[in-house]
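Q: below is the structure, and that's it, no one-letter string:
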């Protein structure tokens, strides 16, 4: 069961590696997660941010 989305940061860019959570906050929709990623991207343009699904 999908419960929301978490914001992740990739330490090695777009290469294949594990992404780490930015915070413990779970966003209810993918749009909300992407909105927060866009806000962070303004201050940290080189950060590779992803929204990942959280399942129960």
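A: Everything's here; your move. This one's a predicted model, so the numbers in the text were calculated from it and none came from an experiment.
Q: what bridges to the residue nearest the centre of the chain?
A: Centroid-nearest residue in the chain: residue 7, 2.2 Å away (criterion: C-alpha atoms, centre = their mean). Beta-bridge partners for residue 7, by DSSP bridges, are residue 51.
Q: mind listing what it touches?
A: By C-beta atoms under 8 Å, 6 or more residues apart in numbering, residue 7 lies in contact with 21-23, 25, 27, 33, 36-37, 40, 49-51. Where you see a C-beta, it was placed from the backbone N, CA and C, and this is true even at glycine.
Q: let's see it at 7 Å
A: 22-23, 33, 36-37, 49, 51 (C-beta atoms under 7 Å, 6 or more residues apart in numbering).
Q: buried subset of those residues, written for PyMOL?
A: A single PyMOL command selects the buried members of the contacts of residue 7 (16 or more other C-beta atoms under 10 Å):
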select buried, resi 22+33+36+37+49+51
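Q: inside strands: which ones of the contacts of residue 7?
A: Those of those mapping onto strands are 49, 51, per DSSP state E.
Q: give me the mean pLDDT for stretch 22-41.
A: In this model, stretch 22-41 has a mean pLDDT of 95.
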